[in-house]
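K.L.:
give me a 3D structure for the following:
(one chain, ligands or ions: 1)
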Amino acid sequence: MAADGVKLEQRHGKSRVRVGRIWREPNGRHNFVEWNVSISLLSDCLPAYTLADNCDIVATDTMKNTVYVKAKECQQPLSVEDFAILLGKHFTSFYPQVTAAIINIVEKPWERIHIDGHPHEHGFKLGSEKHSTEVIVKKSGGLQVISGIEGLAVLKTTQSGFEGFIRDQYTILPETRERMFATEVTSSWRYSYESLASIPSNQLYFMEKYLDVKKVLIDTFFGPAKRGVYSPSVQSTLYDMAKAVLARVPEVSSIQLKMPNIHFLPVNLSSKDNPVIVKFEDDVYLPTDEPHGSIQASLSRIQSKM
Ligand SMILES: O=c1[nH]c(=O)c2[nH]c(=O)[nH]c2[nH]1
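P.N.:
This next block holds a predicted model:
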(Lines give C-alpha, C1' and ligand atoms only; values in the text may rest on other atoms or scores of the structure.)
Protein backbone atom coordinates (compact mmCIF):
# COMPACT_ATOMS: atom_id res chain seq x y z
CA MET A 1 0.00 0.00 0.00
CA ALA A 2 1.25 3.48 -0.76
CA ALA A 3 0.03 6.25 1.54
CA ASP A 4 1.52 9.19 3.39
CA GLY A 5 4.47 9.06 1.00
CA VAL A 6 5.51 5.63 2.19
CA LYS A 7 5.16 2.15 0.78
CA LEU A 8 4.19 -0.69 3.10
CA GLU A 9 4.72 -4.35 2.33
CA GLN A 10 3.77 -6.75 5.05
CA ARG A 11 3.11 -10.31 6.03
CA HIS A 12 2.62 -12.02 9.35
CA GLY A 13 2.67 -15.56 10.58
CA LYS A 14 3.82 -18.09 13.14
CA SER A 15 7.22 -19.72 12.97
CA ARG A 16 8.47 -23.03 14.30
CA VAL A 17 5.19 -24.61 15.29
CA ARG A 18 6.22 -28.12 16.31
CA VAL A 19 3.78 -30.99 15.99
CA GLY A 20 4.04 -34.77 16.33
CA ARG A 21 1.34 -37.03 14.88
CA ILE A 22 0.76 -40.76 15.32
CA TRP A 23 -1.52 -42.75 13.05
CA ARG A 24 -2.43 -46.07 14.64
CA GLU A 25 -3.31 -48.86 12.21
CA PRO A 26 -5.80 -51.53 13.33
CA ASN A 27 -3.06 -54.19 13.02
CA GLY A 28 -0.98 -52.53 15.76
CA ARG A 29 1.44 -50.72 13.46
CA HIS A 30 2.01 -47.04 14.19
CA ASN A 31 3.09 -44.34 11.75
CA PHE A 32 4.74 -41.25 13.18
CA VAL A 33 5.89 -37.85 11.92
CA GLU A 34 7.36 -34.82 13.65
CA TRP A 35 7.06 -31.52 11.80
CA ASN A 36 8.28 -27.98 12.31
CA VAL A 37 5.77 -25.72 10.58
CA SER A 38 6.09 -22.05 9.70
CA ILE A 39 3.18 -20.05 8.35
CA SER A 40 3.27 -16.66 6.71
CA LEU A 41 0.10 -14.97 5.50
CA LEU A 42 -0.28 -12.22 2.95
CA SER A 43 -3.48 -10.48 3.92
CA ASP A 44 -5.37 -7.22 3.76
CA CYS A 45 -4.84 -6.07 7.31
CA LEU A 46 -3.32 -2.65 6.77
CA PRO A 47 -5.36 -0.92 9.52
CA ALA A 48 -3.40 -2.97 12.03
CA TYR A 49 -0.26 -1.17 10.87
CA THR A 50 -1.59 2.26 10.08
CA LEU A 51 -4.56 2.72 12.44
CA ALA A 52 -3.79 0.34 15.30
CA ASP A 53 -6.99 -1.50 14.37
CA ASN A 54 -6.67 -5.31 14.53
CA CYS A 55 -10.09 -6.12 13.09
CA ASP A 56 -8.58 -7.86 10.03
CA ILE A 57 -5.81 -9.72 11.82
CA VAL A 58 -5.68 -13.52 11.93
CA ALA A 59 -3.92 -13.98 15.27
CA THR A 60 -0.69 -15.90 14.94
CA ASP A 61 -1.86 -17.90 17.95
CA THR A 62 -4.84 -19.02 15.87
CA MET A 63 -2.46 -20.05 13.08
CA LYS A 64 -0.57 -22.19 15.59
CA ASN A 65 -3.78 -23.82 16.80
CA THR A 66 -4.79 -24.51 13.20
CA VAL A 67 -1.72 -26.71 12.77
CA TYR A 68 -2.89 -28.97 15.59
CA VAL A 69 -6.51 -29.00 14.41
CA LYS A 70 -5.52 -29.95 10.85
CA ALA A 71 -3.02 -32.56 12.10
CA LYS A 72 -5.85 -34.09 14.13
CA GLU A 73 -8.20 -34.03 11.12
CA CYS A 74 -5.75 -35.89 8.85
CA GLN A 75 -6.85 -39.49 9.12
CA GLN A 76 -3.99 -40.92 7.02
CA PRO A 77 -0.22 -40.38 6.97
CA LEU A 78 0.66 -37.66 4.47
CA SER A 79 3.68 -35.86 3.09
CA VAL A 80 4.90 -32.46 4.28
CA GLU A 81 3.90 -31.10 0.88
CA ASP A 82 0.32 -32.33 1.23
CA PHE A 83 0.04 -31.01 4.78
CA ALA A 84 1.39 -27.63 3.66
CA ILE A 85 -1.09 -27.51 0.76
CA LEU A 86 -3.92 -28.39 3.14
CA LEU A 87 -2.93 -25.59 5.53
CA GLY A 88 -2.51 -23.10 2.68
CA LYS A 89 -5.92 -24.01 1.30
CA HIS A 90 -7.50 -23.48 4.72
CA PHE A 91 -6.00 -20.04 5.34
CA THR A 92 -6.73 -18.73 1.85
CA SER A 93 -10.29 -20.08 1.65
CA PHE A 94 -11.45 -19.48 5.24
CA TYR A 95 -10.33 -15.86 5.70
CA PRO A 96 -11.53 -13.24 3.19
CA GLN A 97 -8.55 -11.04 4.17
CA VAL A 98 -5.92 -13.66 3.31
CA THR A 99 -4.71 -13.48 -0.29
CA ALA A 100 -1.86 -15.98 -0.08
CA ALA A 101 -0.29 -18.38 2.41
CA ILE A 102 3.34 -19.42 2.47
CA ILE A 103 3.86 -22.62 4.42
CA ASN A 104 7.27 -24.06 5.28
CA ILE A 105 7.63 -27.45 6.91
CA VAL A 106 10.71 -29.44 7.91
CA GLU A 107 10.21 -33.06 8.87
CA LYS A 108 12.40 -34.57 11.57
CA PRO A 109 13.92 -37.76 10.11
CA TRP A 110 12.36 -40.36 12.39
CA GLU A 111 12.77 -43.77 10.73
CA ARG A 112 11.16 -47.02 11.75
CA ILE A 113 13.61 -49.19 13.69
CA HIS A 114 14.27 -52.78 12.66
CA ILE A 115 14.84 -55.41 15.33
CA ASP A 116 16.52 -58.61 14.09
CA GLY A 117 15.52 -57.58 10.58
CA HIS A 118 11.86 -57.01 11.49
CA PRO A 119 10.23 -53.57 11.21
CA HIS A 120 9.20 -52.48 14.70
CA GLU A 121 5.51 -51.67 15.13
CA HIS A 122 6.05 -48.49 17.13
CA GLY A 123 9.82 -47.90 17.44
CA PHE A 124 11.69 -45.15 15.58
CA LYS A 125 15.23 -43.78 15.49
CA LEU A 126 16.50 -40.47 14.22
CA GLY A 127 18.07 -40.56 10.76
CA SER A 128 20.13 -37.81 9.17
CA GLU A 129 18.88 -35.80 6.21
CA LYS A 130 15.61 -33.88 6.46
CA HIS A 131 12.73 -33.55 4.00
CA SER A 132 11.40 -30.00 3.74
CA THR A 133 8.89 -28.05 1.71
CA GLU A 134 7.76 -24.55 0.88
CA VAL A 135 4.27 -24.20 -0.53
CA ILE A 136 2.60 -21.00 -1.65
CA VAL A 137 -1.17 -21.13 -2.06
CA LYS A 138 -3.02 -18.17 -3.55
CA LYS A 139 -6.69 -17.39 -3.07
CA SER A 140 -7.11 -17.78 -6.84
CA GLY A 141 -6.06 -21.43 -6.55
CA GLY A 142 -2.57 -20.62 -7.83
CA LEU A 143 0.09 -22.79 -6.32
CA GLN A 144 3.83 -23.22 -6.07
CA VAL A 145 5.37 -26.32 -4.51
CA ILE A 146 9.04 -26.54 -3.60
CA SER A 147 10.47 -29.64 -1.96
CA GLY A 148 13.86 -29.91 -0.38
CA ILE A 149 16.45 -32.03 1.29
CA GLU A 150 18.69 -30.70 4.06
CA GLY A 151 21.85 -32.14 5.54
CA LEU A 152 22.52 -35.01 3.13
CA ALA A 153 26.11 -35.71 4.21
CA VAL A 154 28.08 -37.68 1.63
CA LEU A 155 31.76 -38.49 1.24
CA LYS A 156 33.95 -40.40 -1.16
CA THR A 157 37.56 -41.29 -0.48
CA THR A 158 38.84 -41.04 -4.06
CA GLN A 159 37.78 -40.25 -7.63
CA SER A 160 37.99 -36.53 -6.94
CA GLY A 161 40.48 -33.91 -8.04
CA PHE A 162 40.92 -30.22 -8.74
CA GLU A 163 43.27 -28.95 -11.45
CA GLY A 164 43.71 -26.10 -13.87
CA PHE A 165 42.45 -23.31 -11.61
CA ILE A 166 43.94 -19.80 -11.56
CA ARG A 167 47.43 -19.67 -10.12
CA ASP A 168 48.69 -16.34 -8.81
CA GLN A 169 51.00 -14.96 -6.16
CA TYR A 170 48.63 -16.07 -3.37
CA THR A 171 47.95 -19.60 -4.62
CA ILE A 172 49.48 -22.47 -2.67
CA LEU A 173 46.90 -25.22 -3.30
CA PRO A 174 48.57 -27.99 -5.30
CA GLU A 175 46.77 -29.45 -8.26
CA THR A 176 45.55 -32.96 -7.59
CA ARG A 177 43.69 -35.88 -9.13
CA GLU A 178 43.48 -37.67 -5.80
CA ARG A 179 41.58 -36.20 -2.90
CA MET A 180 38.61 -36.79 -0.63
CA PHE A 181 35.26 -35.28 -1.56
CA ALA A 182 32.94 -34.56 1.36
CA THR A 183 29.89 -32.37 1.35
CA GLU A 184 26.53 -31.83 2.98
CA VAL A 185 24.00 -31.39 0.21
CA THR A 186 21.15 -28.93 0.68
CA SER A 187 18.79 -28.87 -2.26
CA SER A 188 15.39 -27.50 -3.13
CA TRP A 189 13.47 -28.16 -6.29
CA ARG A 190 10.34 -26.66 -7.72
CA TYR A 191 7.55 -28.61 -9.32
CA SER A 192 5.89 -27.38 -12.50
CA TYR A 193 2.35 -27.51 -11.04
CA GLU A 194 0.80 -24.06 -10.96
CA SER A 195 -2.65 -24.68 -9.55
CA LEU A 196 -4.30 -26.68 -6.81
CA ALA A 197 -6.37 -28.44 -9.47
CA SER A 198 -3.28 -29.81 -11.27
CA ILE A 199 -1.71 -31.55 -8.24
CA PRO A 200 -1.74 -35.37 -8.50
CA SER A 201 -4.27 -36.82 -6.05
CA ASN A 202 -2.12 -39.87 -5.16
CA GLN A 203 -1.40 -39.54 -1.40
CA LEU A 204 2.15 -40.85 -1.77
CA TYR A 205 3.07 -38.72 -4.79
CA PHE A 206 5.36 -36.15 -3.16
CA MET A 207 6.96 -38.77 -0.93
CA GLU A 208 7.81 -40.84 -4.01
CA LYS A 209 9.19 -37.80 -5.87
CA TYR A 210 11.32 -36.88 -2.86
CA LEU A 211 12.81 -40.39 -2.82
CA ASP A 212 13.33 -40.26 -6.62
CA VAL A 213 15.22 -36.95 -6.43
CA LYS A 214 17.28 -38.13 -3.46
CA LYS A 215 18.27 -41.29 -5.35
CA VAL A 216 19.28 -39.35 -8.46
CA LEU A 217 21.39 -36.95 -6.36
CA ILE A 218 23.13 -39.82 -4.55
CA ASP A 219 23.63 -42.00 -7.65
CA THR A 220 25.12 -39.09 -9.58
CA PHE A 221 27.40 -38.01 -6.74
CA PHE A 222 28.88 -41.48 -6.25
CA GLY A 223 28.71 -43.11 -9.70
CA PRO A 224 28.68 -46.90 -10.13
CA ALA A 225 29.45 -49.06 -7.07
CA LYS A 226 32.56 -50.58 -8.65
CA ARG A 227 34.69 -47.67 -9.80
CA GLY A 228 32.56 -44.64 -9.02
CA VAL A 229 32.89 -41.59 -11.23
CA TYR A 230 35.66 -39.00 -11.35
CA SER A 231 34.79 -35.53 -10.05
CA PRO A 232 36.96 -32.73 -11.53
CA SER A 233 35.45 -30.20 -9.10
CA VAL A 234 32.54 -29.68 -6.74
CA GLN A 235 31.09 -27.34 -9.38
CA SER A 236 31.12 -30.01 -12.09
CA THR A 237 29.58 -32.68 -9.85
CA LEU A 238 26.93 -30.26 -8.60
CA TYR A 239 26.00 -29.44 -12.20
CA ASP A 240 25.82 -33.14 -13.12
CA MET A 241 23.57 -33.79 -10.11
CA ALA A 242 21.21 -30.93 -10.95
CA LYS A 243 21.09 -31.92 -14.62
CA ALA A 244 20.36 -35.54 -13.77
CA VAL A 245 17.39 -34.49 -11.62
CA LEU A 246 15.93 -32.40 -14.45
CA ALA A 247 16.54 -35.24 -16.90
CA ARG A 248 15.00 -37.98 -14.77
CA VAL A 249 12.20 -36.22 -12.90
CA PRO A 250 10.12 -34.44 -15.54
CA GLU A 251 7.79 -32.77 -13.00
CA VAL A 252 10.71 -30.74 -11.60
CA SER A 253 11.11 -27.39 -13.37
CA SER A 254 14.13 -26.06 -11.47
CA ILE A 255 16.55 -27.15 -8.78
CA GLN A 256 18.95 -25.40 -6.46
CA LEU A 257 21.93 -27.16 -4.91
CA LYS A 258 24.25 -26.01 -2.14
CA MET A 259 27.34 -28.14 -1.68
CA PRO A 260 29.97 -26.96 0.78
CA ASN A 261 33.40 -28.40 0.09
CA ILE A 262 34.25 -29.91 3.48
CA HIS A 263 37.99 -30.19 3.53
CA PHE A 264 40.11 -33.11 4.67
CA LEU A 265 43.61 -31.72 4.93
CA PRO A 266 46.65 -33.92 4.23
CA VAL A 267 48.67 -34.58 7.39
CA ASN A 268 52.44 -34.15 7.17
CA LEU A 269 54.28 -33.99 10.49
CA SER A 270 57.90 -33.03 10.92
CA SER A 271 60.17 -31.60 13.59
CA LYS A 272 63.60 -30.05 13.57
CA ASP A 273 65.12 -33.39 14.61
CA ASN A 274 62.86 -35.57 12.52
CA PRO A 275 61.92 -34.09 9.15
CA VAL A 276 59.45 -36.92 8.45
CA ILE A 277 57.35 -38.05 11.41
CA VAL A 278 54.26 -38.59 9.24
CA LYS A 279 54.50 -38.40 5.45
CA PHE A 280 51.15 -37.94 3.72
CA GLU A 281 50.47 -40.77 1.27
CA ASP A 282 46.75 -40.21 0.64
CA ASP A 283 46.00 -41.89 3.93
CA VAL A 284 45.98 -39.69 7.05
CA TYR A 285 43.85 -36.51 7.00
CA LEU A 286 42.87 -33.73 9.35
CA PRO A 287 39.06 -33.33 9.00
CA THR A 288 37.91 -29.72 9.26
CA ASP A 289 34.63 -27.91 8.97
CA GLU A 290 35.99 -24.37 9.16
CA PRO A 291 36.65 -22.83 6.80
CA HIS A 292 34.88 -24.66 4.02
CA GLY A 293 34.35 -23.94 0.34
CA SER A 294 30.79 -22.88 -0.44
CA ILE A 295 29.47 -23.73 -3.86
CA GLN A 296 25.89 -23.35 -4.98
CA ALA A 297 23.96 -23.12 -8.23
CA SER A 298 20.49 -23.48 -9.57
CA LEU A 299 19.36 -24.97 -12.84
CA SER A 300 16.01 -24.40 -14.54
CA ARG A 301 14.41 -25.68 -17.67
CA ILE A 302 14.49 -22.87 -20.22
CA GLN A 303 10.69 -22.76 -20.52
CA SER A 304 10.21 -22.68 -16.75
CA LYS A 305 8.59 -19.65 -15.19
CA MET A 306 11.09 -19.31 -12.34
O1 LIG B 1 36.07 -28.46 -6.29
C2 LIG B 1 36.61 -27.40 -5.91
N3 LIG B 1 36.14 -26.20 -6.34
C4 LIG B 1 36.69 -25.00 -5.95
O5 LIG B 1 36.21 -23.92 -6.37
C6 LIG B 1 37.80 -25.08 -5.09
N7 LIG B 1 38.58 -24.13 -4.53
C8 LIG B 1 39.50 -24.77 -3.77
O9 LIG B 1 40.38 -24.20 -3.07
N10 LIG B 1 39.32 -26.11 -3.85
C11 LIG B 1 38.28 -26.33 -4.67
N12 LIG B 1 37.67 -27.47 -5.09
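K.L.:
run a quick neighbour tally on the residue of the stretch 51-200 of the chain found nearest the ligand.
P.N.:
Here the residue of the stretch 51-200 of the chain nearest the ligand is F162; by Cβ to the nearest ligand atom that distance is 4.2 Å. Bear in mind the C-beta positions are built from the backbone N, C-alpha and C, glycine included. Using other Cβ atoms under 10 Å, F162 has 20 other residues around it.
K.L.:
enumerate every residue touching it.
P.N.:
173, 175-176, 179, 232-233 (Cβ atoms under 8 Å, 6 or more residues apart in numbering).
K.L.:
name the residues linked to it by a beta bridge.
P.N.:
T176 (DSSP bridges).
K.L.:
how far away is it from T66?
P.N.:
To T66, F162 is 50 Å away according to Cβ to Cβ, to the nearest Å.
K.L.:
ok, V58 next?
P.N.:
Counting by Cβ to Cβ, the separation of V58 from T66 is 9 Å.
K.L.:
do F124 as well
P.N.:
For F124, the distance to T66 equals 26 Å [Cβ to Cβ].
K.L.:
and V252, what does it touch?
P.N.:
Here V252 is in contact with 189-192, 209, 213, 245-246 (criterion: Cβ under 8 Å, 6+ apart).
K.L.:
beta partners of it?
P.N.:
Beta-bridge pairing for V252 (DSSP bridges): Y191.
K.L.:
who in the stretch 151-300 of the chain is up against the ligand?
P.N.:
Within the stretch 151-300 of the chain, the positions lying close to the ligand (Cβ under 6 Å from any ligand atom) are 162, 173, 233-235, 261, 293.
K.L.:
for V58 and T66, list the residues in contact with both.
P.N.:
Common contact partners of V58 and T66 (Cβ under 8 Å, 6+ apart): F91.
K.L.:
for L204, see how far away the closest residue in space to S192 that isn't next to it in sequence is.
P.N.:
In space, and not counting its chain neighbours, S192 is closest to S253: 4.2 Å by Cβ to Cβ, 6 or more residues apart in numbering. Separation of S253 from L204 (Cβ to Cβ): 21 Å.
K.L.:
all good on my end, thank you.
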